[in-house]
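> need the 3D shape of this:
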Amino acid sequence: MIPVPAGLVTGALTGLLAVALALGLLTAGIRGVRTYRRRRHERIAAPVRGLLLELLCEPDDEQSELPDRIARTDRRTWAALEPTVTAMLGKVTGRARAALVLLCERRGSAVAATADLNSRRAPRRGRAAQVLGQLGHRPAVPALCRLLDDRDPEVRLAAARALGRMGEPVAVPPLLGSLRGPRPVPPKVVTAALTSLGSEAWPGVVAGLRDPAPLVRAVAVEVLGVTGALAQTPWIVRALREDPDTEVRVRAARALGRLGMPEGLAPLLDAIRPGRPDALRIVAAGSLGGLGAVAATVPLTKLLGDADAHLAGTAARALLRLGPTGEAALREAADGRPGTPATAQARAALAERAVGGSRHDVLVEVTL
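Next up, the predicted model:
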């Protein structure tokens with residue numbers, strides 16, 4: 001081994017200590033600057049913060065000049081107060097929220113934020129999208145739809161969330177379209193946005209079931225189930241029966257269980273048949289329990305002895321959800337020959353029920 005000179009080791013250690021010290025000083029400096037700015041903003045906004053609280057606490061039937069008084073504050077004071085106003089928009093409802101929106105409109109926040117959507121700086125674009133979403137400024141919907149393809153992923157997220165707050169069904173096709181392409185928006189964010197749009201979005205969501213991209217169809221059928229789109233049950237049934245993608249069919253089966261419509265019984269019974277994908281059979285079995293249809297008792301009982309223990313356990317818990325008929329079937333199976341899989345599953349489910357620890361059906365989701 002070649003000996004290392006002591007001076008070289010000492011120099012390296014000294015250099016590392018110097019770097020660590022510099023990083024520590026830099027971190028402390030950044031924290032100090034942030035603390036100073038926060039306290040400075042609080043000091044500047046203090047004179048009008050009381051007016052803001054007074055505005056929020058006004059009776060519903062009282063009209064005042066407070067929005068105008070606060071809106072007439074100088075630019076420096078408003079810059080310090082605006083973050084507080086924006087944060088409150090996401091926490092209050094009713095008259096208090098309407099008062100804050102009116103204040104922001106009179107101050108020109110929506111106009112300024114709309115202009116910032118074209119900023120070269122990604123943080124400014126994202127912040128503008130967030131503000132417009134909190135304000136529910138519907139004229140900005142077309143511009144926000146364009147940001148769904150922004151080069152910055154955080155801006156895309158902010159745009160999708162803002163569109164979800166707008167309540168404009170015209171945003172449905174762009175939101176679904178943002179799931180594909182080189183700059184996709186995460187499915188969970190798109191699902192949440194579409195869910196927030198309510199029943200007016202259902203026609204556009206149903207149209208997504210015909211999209212060539214499996215992920216788009218999967219999200220569309222998921223949204224229909226989550227939002228309780230009972231009138232769209234035939235479309236969900238069709239997706240379960242005919243869609244070529246397993247994940248779409250799995251989500252359709254889950255949606256039918258959530259909706260609880262009788263039309264879901266036949267396709268769900270077909271989905272648990274042998275030869276179907278394992279994930280689909282498991283989810284369909286759980287959804288049959290959600291339907292509460294006594295007609296599913298015999299098919300579910302047959303699954304108690306299935307080689308897939310996950311499927312058998314789901315079927316057992318589904319039988320419990322069918323009420324007395326399903327529980328009677330479980331008790332009969334539990335009295336069967338000891339040591340068989342069906343008997344073991346039935347006894348386990350009944351034991352869970354006895355101790356009050358019956359778990360929710362386990363639904364397997366295939367990741368696209």
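> what ranges of the stretch 51-200 of the chain fall below the confidence cut-off?
58-64 (pLDDT under 70).
> my read: residue 54 touches residue 66, true?
Yes: counting by CB atoms under 8 Å, residue 54 touches residue 66, with 6.3 Å between them. (Each C-beta comes from the backbone N, C-alpha and C, glycine too.)
> and these two? Which one has more around it.
residue 66 (18 against 13; other CB atoms under 10 Å).
> hmm, that one is touching residue 56, no?
No: look at residue 66 against residue 56 with CB under 8 Å: they stay out of range, at 9.6 Å.
> residues contacting the residue most central in space within the chain?
Closest residue to the average C-alpha location of the chain: residue 192 at 3.9 Å, with CA atoms, centre = their mean. Applying CB atoms under 8 Å, 6 or more residues apart in numbering, we find residue 192 in contact with 161, 164.
> tell me which element it is part of?
helix 187-196 (DSSP states H and E).
> buried residues, the next helix-or-strand element following that helix. List them.
Sequence order places helix 202-207 as the next helix or strand after helix 187-196, per DSSP H and E. Residues of helix 202-207 classed as buried by neighbour count (16 or more other CB atoms under 10 Å): 202, 204, 205, 206.
> tell me the contacts of the second one?
In this structure, residue 204 makes contact with 169, 172, 173, 176, judged by CB under 8 Å, 6+ apart.
> buried ones among those residues?
169, 172, 176.
> out of these, the closest to residue 12 would be?
Nearest to residue 12 among the buried ones among the contacts of residue 204 is residue 176, at 56.5 Å by CB to CB.
> show me what the helix or strand encompassing that closest one is packed up against.
In this structure, residue 176 sits in helix 172-177 according to DSSP H and E. Judged by 3 or more CB pairs under 8 Å, 6 or more residues apart in numbering; DSSP states H and E, the packing partners of helix 172-177 are helix 153-166, helix 187-196, helix 202-207, helix 214-226.
> now do the first one: distance to the chain's middle.
Once both centres are worked out by CA atoms, centre = their mean, to the nearest Å, helix 153-166 turns out to sit 12 Å from its chain's centre.
> tell me which residues in it are buried?
Of the residues in helix 153-166, those buried (16+ other CB under 10 Å) are 155, 156, 157, 158, 159, 160, 161, 162, 163, 164, 165, 166.
> make TSV out of those residues and add distance to residue 86.
Putting the buried residues of helix 153-166 into TSV (distance: CB to CB, whole Å) gives the following:
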residue	distance to residue 86
155	17
156	20
157	17
158	13
159	17
160	18
161	14
162	12
163	18
164	17
165	13
166	16
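> what's the closest of the residues you listed to residue 137?
residue 166 (7.9 Å).
> what's the separation between that closest one and residue 133?
7 Å (CB to CB, to the nearest Å).
> now do the shared contacts for these two.
Residues within reach of residue 166 and of residue 133 at once, by CB under 8 Å, 6+ apart, are residue 144.
> contact partners of stretch 84-100?
Outside stretch 84-100, the residues touching it (CB under 8 Å, 6+ apart) are 45, 49, 52, 55-56, 58, 60, 66-67, 101, 103-104, 130-131, 134-135.
> pull out the buried positions in it.
85, 86, 88, 89, 96, 97, 99, 100.
> ok, stretch 341-353 next?
Applying 16+ other CB under 10 Å to stretch 341-353 flags 342, 343, 344, 345, 346, 347, 348, 349, 350, 352 as buried.
> what comes into contact with that stretch?
By CB under 8 Å, 6+ apart, stretch 341-353 touches 304-307, 309, 312-313, 315-317, 319-320, 327, 330-331, 333-337, 358-359.
> pull that stretch out as CSV, backbone CA atoms only.
Taking Å, rounded to 0.1, in the frame of the first residue of the first chain, the C-alpha atoms of stretch 341-353 are listed here in CSV:
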residue,chain,number,x,y,z
PRO,A,341,-59.8,-24.3,1.7
ALA,A,342,-63.5,-23.4,1.5
THR,A,343,-64.1,-24.4,5.2
ALA,A,344,-61.1,-22.4,6.3
GLN,A,345,-62.1,-19.3,4.4
ALA,A,346,-65.7,-19.4,5.7
ARG,A,347,-64.5,-19.9,9.3
ALA,A,348,-62.0,-17.0,9.0
ALA,A,349,-64.7,-14.6,7.6
LEU,A,350,-67.1,-15.5,10.4
ALA,A,351,-64.4,-15.1,13.0
GLU,A,352,-63.7,-11.6,11.7
ARG,A,353,-67.4,-10.8,11.9
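> any idea how far residue 27 is from residue 20?
11 Å.
> could you do residue 86 as well?
Relative to residue 20, and taking CB to CB, residue 86 is found at 38 Å.
> residue 233 contacts residue 252, correct?
No: counting by CB under 8 Å, residue 233 does not reach residue 252; the two are 10.3 Å apart.
> quick one, which of the two is more surrounded?
Comparing residue 233 with residue 252 by other CB under 10 Å, the one with more neighbours is residue 252, at 35 against 19.
> so residue 80, which state does it fall into?
Following DSSP: H, G, I helix; E, B strand; the rest coil, residue 80 is assigned to helix.
> what's around it, how many residues?
Neighbour tally, residue 80, other CB under 10 Å: 21.
> equivalent analysis for residue 18, please.
10.
> local confidence estimate at it?
At residue 18, the pLDDT value in this model is 77.
> check which helix or strand it maps to.
Going by DSSP H and E, residue 18 is in helix 6-56.
> tell me the helix or strand right after that helix.
Where DSSP H and E defines the elements, the next helix or strand beyond helix 6-56 is helix 66-71.
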